[in-house]
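Colleague: Provide a 3D model corresponding to the input given below.
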Amino acid sequence: MTAASLSGRRLSALIVNHNSGAWTQRCAESLQTTWAAEGGQAKDLEIIVLDSGSELGESTWWRTLRRAGVRVRTSPANVGYATGLNMAYELSSGAAEDTVALLNPDLHFLQGSIGPLLKHLEEYADTGAVQPRIYLDEDLQVLLPPNELPSPLTELADVLATHFPGIARWRADRKSREAQAFWSTQECESREMLSGACLFMRRSTIDQLGQVMDGRFPLYFEDADLCRQLKEAGYDLVVEPASEILHHWSRSAGPDFVGEVAARHAYGRSLYMAKHHRGVGALLIQACARFLASWRPQRAPLPMHSLLDFGDVHQSPEFPLPADTECSLEISLTPFWGLSAGTMLDGGSFHYSAKAWSWLFPGTYYVRGVERSSGQLLGAWRFHKTSPARSWPLDPQAGQQPGRSTWRESFPGERVG
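Modeller: Residues are numbered from 1 along each chain as shown. Prediction:
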């Protein structure tokens, strides 16, 4: 879709905020900037922010957003992401064929990212929701992984992986092959689940479902539930790689599942399983998972690979990889690589750029290199990042337009922007 072809299209963008006002403001600004750069008219872009129980200091951001034409509604209670989207949708307007975007506050839209998503929905009536390709950093170096629709079987596999390294390796290798295909494809790809961080849908599809998301989910699993509903209604869920955005992951909740965040995650999982998996087999699998989770509770999980430990590091360590070997470098918060972000490489030693490194939270990370053609392990490492994560968003008004790093421009099959 060319820049001029956005003219006449209409988009309602819904953002739910909780104590992330600075990120929400920059997300809205990047959306407005990109919309204009692609030829869209300001009157055809509607941005609605629902603030969900934030602290009083957040009101500063709301005044700035309102001056920029953003509609802001505040809720004194933290109603959660799903209910927040439903409340924002009630304030929106548009025709049945218009597009609605469901957005996390910590997104940054790149030029050329909106048109392909709108075009896909216009051309494919059987698509219920479409998402862009998503990066962690402005160097476009770290790709976020594909999503997997949760089930009792996946839950059981996750628990087994913490006790049996062989099962962990099998599961991680299977997910690695899937992720490499996902990261490198230039074609639209149907998925069983999309990321709830950035979804574009037709207004008619939302109206058919009766709501944006099931408001009973306080946080987490509401996107899995939505994807499940769309699949059951006969729709495709599609990733459009011609659209690329940044998602500065978990800037509101943080990287650790503790306190209220952990409680909401556990409740969301329980609600999802009860809603979609009620059979005897599902109950047996869940019982087995609970038994294994309590088995030898004091025993530390066994890493599935021998790890070279870099210890405490302030800057990215160097990861030695064979030259002229197409591979992926997978980074995870666990030594089982169940959910891993990735970097596609042509081989040779690698370190994360300063910009990519700055978006990682402090903490312990596990990295492994995998040859793409054979799946052979090329190395596995552990490090503890001691430097702080970047705590401020990109400013689209300051000319901070991300661009491709030189390492990607020579990658076979990749599109050069």
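Colleague: Mind naming the longest helix for this protein?
Modeller: The residue-count maximum for a helix in the chain (DSSP state H) belongs to helix 165-184.
Colleague: For that helix, which helices and strands make contact with it?
Modeller: helix 152-163, strand 327-332, strand 341-345, strand 363-371 (3 or more C-beta pairs under 8 Å, 6 or more residues apart in numbering; DSSP states H and E). Just so you know, the C-beta spots here come from the backbone N, C-alpha and C atoms, and that holds for glycine as well.
Colleague: Turn those into a markdown table, columns for mean pLDDT, mean neighbour count and distance to D395.
Modeller: As requested, the helices and strands packed on helix 165-184 are arranged in a markdown table below (pLDDT from 0 to 100; neighbours: other C-beta atoms under 10 Å; distance: least, C-beta to C-beta, whole Å):
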| stretch | mean pLDDT | mean neighbour count | distance to D395 |
| --- | --- | --- | --- |
| helix 152-163 | 83 | 18 | 38 |
| strand 327-332 | 96 | 22 | 26 |
| strand 341-345 | 96 | 22 | 24 |
| strand 363-371 | 96 | 20 | 26 |
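Colleague: The longest strand seen in the chain packs against which elements?
Modeller: For the chain, the longest strand by residue count, based on DSSP state E, is strand 236-247. Using 3+ C-beta pairs under 8 Å, 6+ apart, the elements in contact with strand 236-247 are strand 107-109, helix 115-123, strand 127-135, strand 189-191, helix 222-232.
Colleague: ok, that strand: who's next to it in the sheet?
Modeller: Its sheet considered, strand 236-247 pairs with strand 107-109 (antiparallel), strand 127-135 (parallel), strand 189-191 (antiparallel) by DSSP bridges.
Colleague: G342 is nearest to which of those?
Modeller: Closest to G342 of these is strand 127-135 (C-beta to C-beta; 10.6 Å).
Colleague: Residues in contact with the closest one: which ones?
Modeller: Outside of strand 127-135, the residues within contact range by C-beta atoms under 8 Å, 6 or more residues apart in numbering are 113, 116-117, 120-121, 141-144, 194-195, 197-201, 205, 226-227, 230-231, 233, 235-241, 243-247.
Colleague: swap in stretch 263-270?
Modeller: Contacts of stretch 263-270 (C-beta under 8 Å, 6+ apart): G80, P150, E155, F217, P218, L219, Y220, F221, E222, F257.
Colleague: Could you do stretch 108-115 as well?
Modeller: 1-3, 5-6, 11, 26-27, 30-31, 33-35, 37-38, 40, 132, 138, 242-248, 393-394, 396, 401-402, 417.
Colleague: List only buried entries from those.
Modeller: 1, 6, 11, 26-27, 30-31, 33-35, 37-38, 40, 132, 138, 242-248, 393-394, 396, 402 (16 or more other C-beta atoms under 10 Å).
Colleague: Cross-check the contact I'm expecting between R216 and L271.
Modeller: Yes: applying C-beta atoms under 8 Å as the test, R216 and L271 come out as touching, 6.1 Å apart.
Colleague: So for those two, which residue has more residues nearby?
Modeller: Between R216 and L271, counted using other C-beta atoms under 10 Å, the more crowded position is L271 (18 against 15).
Colleague: any weak-confidence spans in the protein?
Modeller: Counting by pLDDT under 70, the low-confidence segments of the chain come to 1-4, 250-258, 280-282, 284, 289, 292-293, 295-301, 398-417.
Colleague: Out of the strands paired with strand 236-247, indicate the one that is most buried.
Modeller: Highest mean neighbour count of these: strand 107-109, a mean of 27 (counted as mean count of other C-beta atoms under 10 Å).
Colleague: re the thing from before, how big is the angle separating the longest strand of the chain from helix 115-123?
Modeller: Following axes from the mean of the first three to the mean of the last three C-alpha atoms, to 10 degrees, one obtains 160 degrees for the angle between strand 236-247 and helix 115-123.
Colleague: As CSV, could you dump the C-alpha coordinates of strand 236-247?
Modeller: Written as CSV, here are the backbone C-alpha positions of strand 236-247 (Å, rounded to 0.1, in the frame of the first residue of the first chain):
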residue,chain,number,x,y,z
ASP,A,236,-7.9,-16.6,10.0
LEU,A,237,-5.3,-15.0,12.2
VAL,A,238,-2.5,-13.5,10.1
VAL,A,239,1.0,-12.0,10.6
GLU,A,240,1.8,-9.4,8.0
PRO,A,241,5.6,-9.2,7.7
ALA,A,242,5.4,-6.1,5.4
SER,A,243,4.4,-4.2,8.6
GLU,A,244,7.1,-3.8,11.3
ILE,A,245,6.8,-2.1,14.7
LEU,A,246,8.6,-2.0,18.0
HIS,A,247,7.2,-3.3,21.2
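Colleague: so how far is it off the chain centroid?
Modeller: The chain centroid and the centroid of strand 236-247 are separated by 10 Å under C-alpha atoms, centre = their mean, to the nearest Å.
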